[in-house]
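> All I have is the shape, not the residue letters:
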């Protein structure tokens, strides 16, 4: 039998799980435009506003569903997208507000996902996709890309007149994913060049810190190693090294290398990031699962198991196996799918538990409900796709293979 990342029978299971996830999230679309946060049963959570982040992620997810030929996916994607071209968009100053009722800031993290949504919607031929992509490209280059630094700034005020001094790697990470996707959809290599510059910075900085990635910086890009020590489980900017980001960057480096093979340094950096994240994060407290964060010695800080970390581990292992053919990555891939099936996939109500405690029991202190499908759906596709182009254009080119 072939190893799981290349096993046709496993690919059929992955395809089934993709469609189960898309069925779970079908109630996300808001009739007025945008996507709603889903609770543990897949129902819209009235306590959570329609946000740019979830509207972008679900536009991307259901654009991919459209490309996979899933009935009903396109109307969901187009409703989610309508929120981005309508009530979440700032017609006065440009860009997108964080959420309905929140007009405080404009964040790189959110805008990176709008860029991804526009690219995926364009790839899927969705109404409004090209217009959203063009608007997102213009805003992102003008407001968030720092050409001199070769990476993205993080947060503006709502009017784009005051730039916060904080600089962060998380927004840059999702910007790289979006940039590589835009390059694959439009053929504009300027986006690839930007992505490679960010990757070089992250690789150099991680190498200098034993392959743990400093996430937080001041306006001069000096590391802030103690940032958010008082908020160690912050959902987007936690203290210390974020294990899942080491895995996610590992995969992104391989996508970037596949798009530009001459940048051979990316492959070995991907291996190093993966190895460090696994050593620091996997089952380090005697129980299966990845801890969320560690300190700068590699000691666990937040031991809760976030579902997105497992999905990124799965995707990184699949990418590394495709790149190197080393069976250790196939073994890790199978190990983490087995773990997900045992603990994180909700076999009764659908989708994945977004957070488990250190005993692998579902909890909701950081992530209540099951807000979206972005990470879990991507984990069902990585093993079935080449490393370039990125997910939506690869599915558009029918590169998933037979199921």
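The structure has been received and is ready for your questions. What you see is a predicted model, and the numbers here were worked out from it, not measured in a lab. Numbering: from 1, shown residues only.

> nearest residue to residue 381 other than its sequence neighbours?
Among residues not flanking residue 381 along the chain, residue 391 sits closest, at 6.1 Å (C-beta to C-beta, 6 or more residues apart in numbering). Glycine gets a C-beta too; all of them are placed from N, C-alpha and C.

> Now do that neighbour against residue 360, distance only.
Per C-beta to C-beta, to the nearest Å, residue 391 is found 29 Å from residue 360.

> Same check on residue 171?
For residue 171 relative to residue 360 (C-beta to C-beta), the value is 30 Å.

> Between these two, tell me which one has more neighbours.
In terms of neighbours (other C-beta atoms under 10 Å), residue 171 is the more surrounded of residue 171 and residue 360; the figures are 25 against 16.

> I'd guessed the residue nearest to residue 381 sits against residue 378; true?
Yes: Residue 391 lies in contact with residue 378 (C-beta atoms under 8 Å); the separation is 6.3 Å.

> and these two? which has more neighbours close in?
Per other C-beta under 10 Å, whichever of residue 391 and residue 378 has more neighbours is residue 391, with 28 against 22.

> Show the backbone phi and psi for that one.
As for residue 391, its main-chain torsions (degrees, to the nearest 10) stand at phi -50, psi -60.

> Okay, it and residue 50: tell me how far apart.
Taking C-beta to C-beta, one finds residue 391 at 24 Å from residue 50.

> Could you do residue 62 as well?
The gap separating residue 62 from residue 50 is 15 Å, by C-beta to C-beta.

> which helices and strands sit right next to the lengthiest helix in the chain?
In the chain, taking DSSP state H as the definition, the longest helix is helix 189-208. Judged by 3 or more C-beta pairs under 8 Å, 6 or more residues apart in numbering; DSSP states H and E, the packing partners of helix 189-208 are strand 151-152, helix 169-186, helix 243-259, helix 265-281.

> Quick check: what element follows it along the chain?
On the C-terminal side of helix 189-208, the closest following helix or strand by DSSP states H and E is strand 216-217.

> Could you check how far that next one is from the centre of its chain?
Centroid separation for strand 216-217 versus its chain: 19 Å, with C-alpha atoms, centre = their mean, to the nearest Å.

> likewise stretch 67-85?
Relative to its parent chain, stretch 67-85 has a centroid offset of 19 Å by C-alpha atoms, centre = their mean.

> cool, and stretch 35-50?
For stretch 35-50, the distance to the chain centre is 19 Å (C-alpha atoms, centre = their mean).

> Show me the shaky parts of the stretch 51-200 of the chain.
Low-confidence segments of the stretch 51-200 of the chain (pLDDT under 70): none present.

> which residues of it fall in helices?
For the stretch 51-200 of the chain, the helices defined by DSSP state H, counting those that start in this stretch occupy 52-67, 73-85, 108-123, 129-139, 169-186, 189-208.
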